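K.L.:
coords please:
(chains A, B and C)
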Amino acid sequence: MAESHLKIAVKRIRRDGLAVAGFCVICVFALIAVLDMVPLPRRGVSGVKWNLTVLDAVFKKAPEKSYSPPLAKKGILNRKEFTLTSRHLIGTDNLGEDVLYNALKGVRTAFIIGIVPSLIAGIFAIILGLLAGYYGGWIDDVIQYIYQVLSSIPGILLLIAMLMVMERGLWQLCVALGVTSWVGLCRLIRGETLKVKNMEYVEAARALGASDFRLLFRHILPNVMYLVIIEMTLDFSALVMSETVLTYIGVGVEPGTGSWGRMIMMADRELANAIWWNLTAASAFLFVLVLAFNLFADALRDALDPRLRGDL
Amino acid sequence: MIQYIIRRLLLSIPTVLGVCLVTFLLFNVFASPEAVARKQLGKNPTSEQVKAWVSAHGMDKPMFFNLDTDKGGHVHAFDSRFWNHMRELVFFQFPESDYLHEKVGDLIKAKIGPSLSITIPAFLLSILITLPLALFVAYYRGTYIDRFALFICVILMSIVLLNYIIFGQYLLAVVFKYFPIYGYDFGAGAWKFVLLPIILAVAAGLGSSVRFYRTVMLNEVRADYVRTAMAKGVSEEGILFKHVLKNAMIPILTVTVLSIPFLITGSLLLEIYFGIPGMGNLMINAINSADYPVIRTLVYVYSLLYIAGSILTDISYTLVDPRVTFE
Amino acid sequence: MIDDGLSDTAETVLEIENLRTHFFTGEGPARAVDGVSVSVGKKRTLGLVGESGCGKTVTALSILKLIPSPPGRIVGGSITLSGKEILPLSEVEMRDIRGKLASMIFQEPMTSLNPVFTIGTQIMEAVRIHTDMGRAEAREIAVEYLAKVGIPEARRMMLQYPHQLSGGMKQRVMIAMALCLKPPLLIADEPTTALDVTIQAGILRLIQDMQAESGTAVLLITHDLGIVAEMADEVAVMYAGKIVESGPCISIFSSFVHPYTEGLFKSLPGRTEKGSRLYTIAGSVPSATGFPPGCRFHTRCPLAIEKCNLEEPLLVEVGGDHRCACWVRAGEPA
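P.N.:
Numbering: from 1, shown residues only, chains lettered A, B, ... in the order given. Next comes the predicted model:
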């Protein structure tokens, strides 16, 4: 049953030109992210191992002294011009790093932040939502109480608190984001489980002697999965955008990891000096990725929505 | 109705207590007082300084029950970190901020005004603009107007609030100098400082709000009762503005009423960028300086607001949907 | 058409000729209604019968031009309501017609009424759209009709909300709303399918009573032959977007001709001997995007011959006003 729904969904999405364009863009970004995850076996000077990836091999340029506008021949340091050692498509930032390179490094971070917390949250939400919806009774009460308490605490504070405990870092951030955002999806899954568990095919399976575990995972879960997929694709954009804000507040990824948030963070001071390219590059990359995901996610949601599937 | 409210309030007591417990655990168990002290005291404090700080903040008392006898030979079993924490919050005896050396209660009173001066106008303006826009788009559903509008909404939604603020502030305040860049004035002079933040807040939310309201309305348009109304000869305007709108209010109210208590918390980014001395600012500074008393008080206050919000939302349902009664 | 002295146009309320309503989807055009011609006269009931998906509801919606416009469209034919040509009318002109020249009641009374308005308001709305009556006058009419459809304590009921009424009462309200302006035609799309069997009879009798009182023509759409037997004067059997058999009810019930009609009758449990297997028509209804060539029923028909695969049969008179479209049973047109 699940196969043909997938095929129908794919067919529908293919008809939406914008969604397809979005998907292509996502693929391009994903490729960049993957390139950034494949390590280069290389030893730097004096035996120190650098964490270089294929992306670095292609795009990393030697840092200049300081700022320089896009495609310029000269840069500015302390109001004095200096010559650049290579061409920079989008200029360099205050540390002289190539801006295009920084922006590309941010892609991997964006993908990880966009996907991993969703997966973590998804696991919590699925297990707790299924249990709460299926068993009801005190299990349901306990789980509902837990998520009521958690949702009463503003997410940001919970996040900060968790991060104060763990060190800063990309993966820690993912865990913290995941653990603080499973509540919404859990509610949805619980609601859907309540609806589905009384459906005839579940009754039929139970009458045939299926165990609870089997019922939950072979019969109920597949019919609840569409919610998870929709939510994950919708959350991607929100998570990527939140990384930006969190970095600004100071709880984002550690320095050294690519981050569009950090690039944007320097914007004020830069804009005052008419340096626009750093901010624009990061904002543009962020915008394009989020837009692509929004377009694709919309089409995906329409294709998977069971109500819309029934109509002509 | 009063009975209902009282019942809901009573039922939310366990949740509130749960919230207090969670904050307590977070800041006492997961993050040790020493770590917090170190953060507060700045660079490389000596261990005596740390100890003194911890002692002054009552963080060296036992966790849950205090079974030591004091000088007078009495045992104050409940003079422990946990019970002091709970007592402060539950009885609204908010502590003093570590950093700012004022009572948090006073701080909140001072900072609510500025936050509200942005959030309330932004909220009202947003509804006034987005609802009619959504109705307009719903009227032209299926046409190019609809698809174009939807595309614009998705584009607007894909721009982070941070970008709206940075670019907006730069273009409108710095380059064109239509607005002051930064700052706040209490009293009558406030309006010129809050205009730009309000405009940016509304603009940033425009895309997602219009899209959401449009989805809600189109959902209603597909309903059977709309088909019946059309079969009676009701005009397109009548269907949208009478039949659909009233039904659409139900989900719309859920979202809007729920956000009303949070108008008090203020927008973090807006307040930082525009130098508004509001609640958001308070929270950010507290976080950055690990000002634990402020943080735990704010968490408590916010959770109360959330509960108030959900009770308000449920009450508003009963006013709009005749199928819902106080049960 | 009924040839018993009532066929002059003054007495024909609804005349549909060669109606074609297609839906243009991603998978190709769905020819939901593909050349349907029926008519209903004053005080007469035409039963439009067929399985789900045969196009009966689309036909009904086409009369009031309520077909959702992307993806559907009326592509051909003509519909005449009390002498007025419907298809060329604009949307604004149609609003005048809906509720006044023809009304429709639907299958699901549970969701067909607006849950946030009182039933009184909803009936009054119908009245006030088409007349310039004030509130008080409209209220009186609403109360009058609520009483007529058998709602007890009509005046008090005006203030009730739909969810406070049972399914049967809601359907009665729908009927009141549909008939309060005395339209010449009532279209009833499976009005009792969603109701308990015990309530069904009451609703059907109500429709008959209202019809007798005001002379309304009724287009009754159903898949239930039992209802047709009770209510209809004429019957038209639809399959895959086409009428395959039509005629006076008595004629069709006593001497059905078309193999599909035969199949429908044979499938009735009452017709099968106790203990033997229930009859079913082999195969399933084809999807509207992929009708078989020639006669649309031939792939499921036990009588199919070569010709059935090649050409679509036309409606041929087989006696009186009884018509059938079948190469085997009815042959060529005279």
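K.L.:
all strands of the stretch 51-200 of chain C, in order?
P.N.:
For the stretch 51-200 of chain C, strands defined by DSSP state E, counting those that start in this stretch occupy the ranges C:72-81, C:84-85, C:102-105, C:185-189.
K.L.:
possible to save these as a markdown table with distance to chain B, mean pLDDT and mean neighbour count?
P.N.:
Every C-beta, even on glycine, is put in place using the N, C-alpha and C of the backbone. Formatted as a markdown table, these follow (distance: least, Cβ to the nearest Cβ, whole Å; pLDDT from 0 to 100; neighbours: other Cβ atoms under 10 Å in any protein chain shown):
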| stretch | distance to chain B | mean pLDDT | mean neighbour count |
| --- | --- | --- | --- |
| strand C:72-81 | 12 | 90 | 18 |
| strand C:84-85 | 14 | 90 | 12 |
| strand C:102-105 | 4 | 93 | 26 |
| strand C:185-189 | 9 | 94 | 24 |
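K.L.:
out of the ones you listed, the one nearest residue B:271 is which?
P.N.:
Of all the strands of the stretch 51-200 of chain C, it is strand C:72-81 that lies closest to residue B:271, at 52.5 Å by Cβ to Cβ.
K.L.:
run the chain-centre distance for that closest one.
P.N.:
16 Å (Cα atoms, centre = their mean, to the nearest Å).
K.L.:
just the CA trace of it, in CSV.
P.N.:
Extracted in CSV, the C-alpha atoms of strand C:72-81 (Å, rounded to 0.1, in the frame of the first residue of the first chain):
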residue,chain,number,x,y,z
GLY,C,72,-14.4,20.4,-14.4
ARG,C,73,-16.3,22.0,-17.3
ILE,C,74,-19.6,21.5,-19.0
VAL,C,75,-18.4,21.0,-22.6
GLY,C,76,-21.6,20.5,-24.5
GLY,C,77,-25.3,19.9,-24.6
SER,C,78,-28.2,22.0,-23.3
ILE,C,79,-30.1,22.3,-20.1
THR,C,80,-33.5,23.9,-19.9
LEU,C,81,-35.2,24.8,-16.6
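K.L.:
between the strands of the stretch 51-200 of chain C, which gets nearest to residue B:83?
P.N.:
Closest of those to residue B:83 is strand C:102-105, at 67.4 Å (criterion: Cβ to Cβ).
K.L.:
for that closest one, packing partners?
P.N.:
Here strand C:102-105 touches helix B:224-232, helix C:167-179, strand C:185-189, going by 3 or more Cβ pairs under 8 Å, 6 or more residues apart in numbering or on different chains; DSSP states H and E.
K.L.:
who touches it?
P.N.:
With Cβ atoms under 8 Å, 6 or more residues apart in numbering or on different chains as the test, strand C:102-105 has contacts from B:231-232, C:14, C:60, C:63-64, C:66, C:81, C:112, C:171, C:174-175, C:177-179, C:181, C:183-189, C:191.
K.L.:
below-threshold pLDDT in chain B: ranges please.
P.N.:
For chain B, applying pLDDT under 70 flags the ranges B:29-43, B:56-79, B:93, B:98-100, B:326-327.
K.L.:
mind listing the helices for it?
P.N.:
Per DSSP state H, chain B carries helices over the ranges B:2-24, B:33-41, B:47-56, B:81-90, B:104-139, B:144-157, B:161-168, B:191-221, B:224-232, B:236-238, B:245-259, B:268-274, B:279-288, B:292-320.
K.L.:
with distance to residue B:236 added, can I get the strands of the stretch 51-200 of chain C in CSV?
P.N.:
Formatted as CSV, the strands of the stretch 51-200 of chain C follow (distance: least, Cβ to Cβ, whole Å):
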stretch, distance to residue B:236
strand C:72-81, 17
strand C:84-85, 22
strand C:102-105, 18
strand C:185-189, 21
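K.L.:
if I look at residue C:169, how far off is residue A:92?
P.N.:
Per Cβ to Cβ, to the nearest Å, residue C:169 is found 77 Å from residue A:92.
K.L.:
give me the more crowded residue out of those two.
P.N.:
Neighbour totals were compared for residue C:169 and residue A:92, and residue A:92 leads with 29 against 21 (other Cβ atoms under 10 Å in any protein chain shown).
K.L.:
would you map the strands across the stretch 101-250 of chain A?
P.N.:
Taking DSSP E, counting those that start in this stretch, the stretch 101-250 of chain A contains no strands at all.
K.L.:
give me the pLDDT for the residue in it that chain C sits nearest to.
P.N.:
Distances between the stretch 101-250 of chain A and chain C by Cβ to the nearest Cβ are smallest at residue A:195, namely 17.5 Å. For residue A:195, the pLDDT comes out at 78.
K.L.:
and the closest residue in space to residue B:207 that isn't next to it in sequence, how many residues sit next to it?
P.N.:
Closest residue to residue B:207 apart from its sequence neighbours, by Cβ to Cβ, 6 or more residues apart in numbering or on different chains: residue B:156 at 3.0 Å. Using other Cβ under 10 Å, the number of residues around residue B:156 comes to 18.
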